[in-house]
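A.B. asks: return a 3D structure for these sequence lines:
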Amino acid sequence: MNSGSAELAEKVLVILKTFLHGNNSFEISNLISNKLLQILQDTMIASDSQAEKTLPSILTILCLLQQKSQPKIVLDGTYFKLFYNVNNISGKSSLRSENILQPALNFLYCSIHLTSTTCKVRATAVILSNTSLLELIEEIMEKTWDTAQNEFSESLCCSAWLMTSALMIFQQCYNLQVHRTVQVDVNNLVEFISFKFKDTSFLLIVSILQHLKALLKQKFSSPFIKLEHRNHPRPEPPDAVWPLTTQSTRYLVAALQNLLVQKDTLLLQTTIDCFGSLLDFLHDKAPDLARHVASLPWNRSVLLVSLSCKANDYLQPGVLRLISLFVKYESLNVLTLDEINQLIDEAAHLKMIDLSQTALLDLQIFLLQIQNKHIELEPARKAVIEDLLKNIDSIPMDFMSTSILYVNGTAICLTDTAE
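C.D. replies: Just a heads-up that it's a prediction; the model follows:
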């Protein structure tokens, strides 16, 4: 490809990006995708200098095509070859190649989320076998703690944390082979959330919370993650909640409580799920500590701040899910029986068909928790709960649907942040 052709190709890519940004037709995107992918493959095998110049635009277009293909993409022959090439190019990149790495990680991250189970397993296995890419991701994650690296891309750090979280989850889910572990310092992770969240963008906090949530769910025993404890050697005998400590757990809970009163929906949902995973982890390792954390008086203040005087305010994203956590751990000093009765009475007057799928799911979780905990209720309210659950079951909901949101150039899967 000569310089004139390269310049023309770059202009075509810019026009195509503009077109895709303004076009929401799945049919049009699907129509051009196969031909476009073949053309892009030809461009990628051009000279290194030309590829470095055009790859950012190419990868951005691929990400746009993925968005148009939601909720599912098919990793067919052409697409998978391109996925394989992007995976290899990412591993050969350097930390200085942010303009390539950011869209490449977005593309790979979306590819393992927006596809069928069979394709997801195959794609995740390919990334897990790319040891050079995993090494690069580990280096990017390490930049999070380096305060001297103020100019390093925060968006790239977010993508690295989100990618590692996804790989951790899918590796366990599908029992995939681990070719290289990714090292994470637990103390840095917990201290960052506990003490630096006020000076950090919400997206980076969301990304790191997502990683912590995955670690908690796997009881800090993922074969894909190598845990480090710099400056904090393992005590003898170890704390019951190791690699956490009782003190670090208190700091972490206080930070999560502060984050729970933030108004950003994405941050709120991630924090609630992380708080729930923390309580589950503590309940497994130290039940008394879990009950103590769930019953802290400050939790009630957090809940009251989350609510306002508006009707049905508990249906705000995440609020009912938070209430369900307190029901699960029987924290009646945080949520009284009278308040539970009031929520049931208000729910009885809702029109289920008018609620969002998220609100329906949160309401269903709340009602099931009440049933599971055998809370003392009047027969009439028990009947209301049964009727509400039947009504919710009658409404078609796609719990497995996946949605990708782009925030400041970083792709994030919403089903990862709000399970």
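A.B. asks: any idea which element P233 lies in?
C.D. replies: Under the criterion DSSP states H and E, no helix or strand holds P233.
A.B. asks: count of neighbours near it?
C.D. replies: Here the count is done by other Cβ atoms under 10 Å, and P233 has 7 residues near it. No exception for glycine: its C-beta is placed from N, CA and C like everyone else's.
A.B. asks: how about Y174?
C.D. replies: If you count neighbours by other Cβ under 10 Å, Y174 ends up with 13.
A.B. asks: what's it sitting at in phi/psi?
C.D. replies: Torsion angles at Y174 (phi, psi; degrees, to the nearest 10) stand at phi -110, psi 10.
A.B. asks: wait, T181 sits on Q171?
C.D. replies: No: shown here, T181 and Q171 do not form a contact pair, counting by Cβ atoms under 8 Å, at 10.5 Å.
A.B. asks: quick one: which of those two has more around it?
C.D. replies: The residue with more neighbours, out of T181 and Q171, is Q171; 21 against 15, by other Cβ under 10 Å.
A.B. asks: now for the nearest residue to the more buried one once chain neighbours are set aside: which residues touch it?
C.D. replies: Distance criterion Cβ to Cβ, 6 or more residues apart in numbering; nearest residue to Q171, sequence neighbours excluded, is F224 at 4.7 Å. Taking Cβ atoms under 8 Å, 6 or more residues apart in numbering as the criterion, F224 is in contact with 128, 167-168, 171-172, 178, 181-182.
A.B. asks: quick check, pLDDT for F224.
C.D. replies: Predicted confidence (pLDDT) for F224: 97.
A.B. asks: now do the phi/psi pair for it.
C.D. replies: Dihedral angles for F224 - degrees, to the nearest 10 - are phi -90, psi -20.
A.B. asks: for it, give its distance to D264.
C.D. replies: Remark: distance between F224 and D264 (Cβ to Cβ, to the nearest Å) = 29 Å.
A.B. asks: could you do E386 as well?
C.D. replies: In terms of Cβ to Cβ, E386 sits 35 Å off from D264.
A.B. asks: what's the span of stretch 364-384 from first residue to last?
C.D. replies: Taking Cα to Cα, to the nearest Å, stretch 364-384 runs 13 Å from one end to the other.
A.B. asks: what mean pLDDT does that stretch have?
C.D. replies: Per-residue pLDDT over stretch 364-384 has a mean of 90.
A.B. asks: just how off-centre is it within its chain?
C.D. replies: 30 Å (Cα atoms, centre = their mean, to the nearest Å).
A.B. asks: pull out the buried residues from that stretch.
C.D. replies: Going by neighbour count (16 or more other Cβ atoms under 10 Å), the buried part of stretch 364-384 is 364-370, 375, 377, 381, 384.
A.B. asks: quick check: domain ranges of this protein?
C.D. replies: With domains defined by automatic domain parsing, the chain comprises 1-137, 313-419.
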